[in-house]
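K.L.:
predicted model follows, preceded by the sequence.
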Amino acid sequence: MNVKKQLKEGLLTQNPVLVQLLGMCSTLAITTSVANGLGMGVSVIIILTLSNIIISLLRKIIPNEVRIACFIIVIAGFVTCVQLLMKAFLPELDKSLGVFIPLIVVNCIILGRAEVFASRNTMGVSALDGIFQGLGYTAVLLVMCVFRELFGAGTLLGVRIMPESYTNMGLLTLPVGGFLCLGALIAAMQWGMNRADKKKSSGEKEAE
Amino acid sequence: MSITSLLAISLGAILTNNFIFSQFLGICPFLGVSKKIDTAVGMGAAVTFVMGLASAVCYGINSLLKLAGLEYMQTVAFILVIAALVQFVEMFLKRYIPTLYTALGVYLPLITTNCAVLGVALLNVQNNYNFIESVVYGITGGLGFLLAIFLFAAVREQLEFSDTPKAFEGFPIALVTAGLIALAFMGFSGLQVWPQ
């Protein structure tokens, strides 16, 4: 397992949101502004990396029957830390993310990576996996945030970008916009992967 | 607290602030278990039951935490209680109502990681609901989930036969459908029990 392959898997071929279809709730809910997306993405990267490290260290101690409960306790501990830190230092962000910060506990990405990766691999690789999968998640969040904030509200990070004459597409900042954006994004991903597959198979045919 | 306020909470949880379409809680099972109407309804019923129970139990846990001055342990305590609760419901159903147990199958344990359940417990605390309001919010929130997943499954069954572009096949078209239903649900916004 090398670093480059892991990075590519996290960002593209095994992207947690677009390919594994995990962590939908937060992706849809908080991508109305770039600030929210950044805050959520960074929190998830931190929590995912730390919980992957701890779980990979404990993987030989945790009995198989109660592993899910143990994973959840480790994750919930880190989520509480991040929640308290955010309340203390970034109270505004905490308010706008609201209930979705404590809900990182049940974000399937983190539990999924703990189960599939961290509980079977060594500490170093698991830490890298946490960072890269977290980056993949953040990248999707940012794409959706930029699109929805720029066209839905005409701003980026609260600064007006679009000319005054531009009429905001308010629909995009509503729940509907979230569903449609994510649908289109996943469709684009499938389209790209289909093309790549075709290229590969036709290349192989030519070689034959 | 009056009947009116309870009605207002129910109306909000089922229609105007539907857990799926306006709060985005519980999207994973909503998309995962909505390919057939009967499993979707089974899932919705189980979630409703667990949400009601979790609201009641977490209300008690929260008052205990407040007494002990440990409010910051909320998230950890709630998720543990919910996990234990789901396990308990599973054992109870297996022993006393085996038909329902087999019908729900693998979806029962998955309710632990349904964010609507933890979400309702946290929202109850955030909104300062009392015991009865919490339970009503939990149950009606679950009913809203049931309504959403039922409608969605009904559309999705037909979707199987439709001719979609290759890139949109499967998940993306389901998301677009969900978006359109959410658009329809926006028609409920502004609905009130008594117009003021």
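P.N.:
Alright, I've got the coordinates. Residues are numbered from 1 along each chain as shown, chains lettered A, B, ... in the order given.
K.L.:
mind giving me the packing neighbours of the helix or strand where A:V143 lies?
P.N.:
In this structure, A:V143 is located in helix A:123-153 according to DSSP states H and E. Counting contacts by 3 or more C-beta pairs under 8 Å, 6 or more residues apart in numbering or on different chains; DSSP states H and E, helix A:123-153 packs against helix A:3-8, helix A:24-30, helix A:34-58, helix A:108-113, strand A:155-156, helix A:175-207. No exception for glycine: its C-beta is placed from N, CA and C like everyone else's.
K.L.:
quick one: buried residues of the last one?
P.N.:
Using 16 or more other C-beta atoms under 10 Å in any protein chain shown as the burial criterion, the residues of helix A:175-207 that qualify are A:175-187, A:189-190.
K.L.:
and the third one, by the same measure?
P.N.:
Within helix A:34-58, the residues scored as buried using 16+ other C-beta under 10 Å are A:34-41, A:43-56.
K.L.:
ok, residue 123 - how many residues close by?
P.N.:
Unless you meant another one, I'm taking chain A. Per other C-beta atoms under 10 Å in any protein chain shown, the neighbour tally for A:M123 reads 15.
K.L.:
nope, chain B please
P.N.:
Neighbours around B:L123, by other C-beta under 10 Å: 23.
K.L.:
for chain A, what are the low-confidence residue spans?
P.N.:
A:1, A:204-208 (pLDDT under 70).
K.L.:
tell me the phi and psi of A:R160?
P.N.:
Dihedral angles of A:R160 (phi, psi; degrees, to the nearest 10) stand at phi -70, psi 120.
K.L.:
quick check, central residue of chain A?
P.N.:
Geometric centre of chain A, nearest residue: A:Y137, 2.2 Å, by C-alpha atoms, centre = their mean.
K.L.:
residues contacting that residue?
P.N.:
A:N15, A:P16, A:V17, A:G23, A:T27, A:G41, A:V44, A:I45, A:I109 (C-beta atoms under 8 Å, 6 or more residues apart in numbering or on different chains).
K.L.:
not counting sequence-adjacent ones, nearest residue to the fourth one?
P.N.:
Here the nearest residue to A:G23 in space, its sequence neighbours aside, is A:I109; by C-beta to C-beta, 6 or more residues apart in numbering or on different chains that works out to 4.2 Å.
K.L.:
returning to that earlier point: now the residue nearest to the centre of chain A: how far from B:Q74?
P.N.:
25 Å (C-beta to C-beta, to the nearest Å).
K.L.:
make a markdown table from the helices and strands packed on helix A:123-153 and add distance to B:I27 to it.
P.N.:
Putting these into a markdown table (distance: least, C-beta to C-beta, whole Å) gives the following:
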| stretch | distance to B:I27 |
| --- | --- |
| helix A:3-8 | 27 |
| helix A:24-30 | 4 |
| helix A:34-58 | 15 |
| helix A:108-113 | 10 |
| strand A:155-156 | 26 |
| helix A:175-207 | 9 |
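K.L.:
picking up where we left off before, buried residues in the helix holding A:V143, which are they?
P.N.:
Neighbour-count burial for helix A:123-153 flags A:125-141, A:143-153 (criterion: 16+ other C-beta under 10 Å).
K.L.:
any idea how far chain B is from A:V34?
P.N.:
As for A:V34, its distance to chain B is 18 Å (criterion: C-beta to the nearest C-beta, to the nearest Å).
K.L.:
is chain A within reach of stretch B:164-172?
P.N.:
Yes. Residues of stretch B:164-172 contacting chain A under C-beta under 8 Å from any C-beta of the partner chain: B:P165, B:K166, B:A167, B:F168, B:E169, B:G170, B:F171, B:P172.
K.L.:
ok, the second one touching A:N194?
P.N.:
Yes. Using C-beta atoms under 8 Å as the test, B:K166 is close enough to A:N194 to be in contact (6.7 Å).
K.L.:
excluding covalently adjacent residues, which one is nearest to B:Q74?
P.N.:
B:L65 (6.3 Å).
K.L.:
who are the neighbours in contact with the one you found?
P.N.:
B:E71, B:M73, B:Q74, B:A77.
K.L.:
got the contact list for the first one?
P.N.:
If a contact means C-beta under 8 Å, 6+ apart, then B:E71 has B:L65 as its contacts.
K.L.:
rerun at 10 Å
P.N.:
Residues counted as contacts of B:E71 (C-beta atoms under 10 Å, 6 or more residues apart in numbering or on different chains) are B:N62, B:L65, B:A77, B:V125.
K.L.:
same question, the last one
P.N.:
Contact criterion C-beta under 10 Å, 6+ apart gives A:A76, B:C58, B:I61, B:N62, B:L64, B:L65, B:L70, B:E71, B:A121 as the residues in contact with B:A77.
K.L.:
distance of B:A13 from A:P175?
P.N.:
With distances taken as C-beta to C-beta, B:A13 is found 16 Å from A:P175.
K.L.:
quick revisit: who's in contact with the residue nearest to A:G23?
P.N.:
Applying C-beta under 10 Å, 6+ apart to A:I109 gives the contacts A:16-17, A:20, A:22-24, A:26-27, A:44, A:47-48, A:133-134, A:136-137.
K.L.:
one more: B:L175?
P.N.:
So B:L175 contacts A:21, A:24, A:28, A:178-187, B:27, B:31, B:168 (C-beta under 10 Å, 6+ apart).
K.L.:
again with A:E164
P.N.:
A:E164 makes contacts with A:G154, as judged by C-beta under 10 Å, 6+ apart.
K.L.:
could you tell me how far the least confident helix or strand in chain B by mean pLDDT lies from the centre of the chain?
P.N.:
Lowest by mean pLDDT, DSSP states H and E among the helices and strands of chain B is helix B:107-110, with a mean of 74. Offset of helix B:107-110 from its chain centre (C-alpha atoms, centre = their mean, to the nearest Å): 13 Å.
K.L.:
may I see the buried residues of it?
P.N.:
B:Y107, B:L108, B:L110.
K.L.:
so what's the first one up against?
P.N.:
In this case it means B:Y107. B:Y107 touches B:P29, B:G32, B:V33, B:T39, B:A40, B:G42, B:M43, B:A46, B:V47, B:N114, counting by C-beta under 10 Å, 6+ apart.
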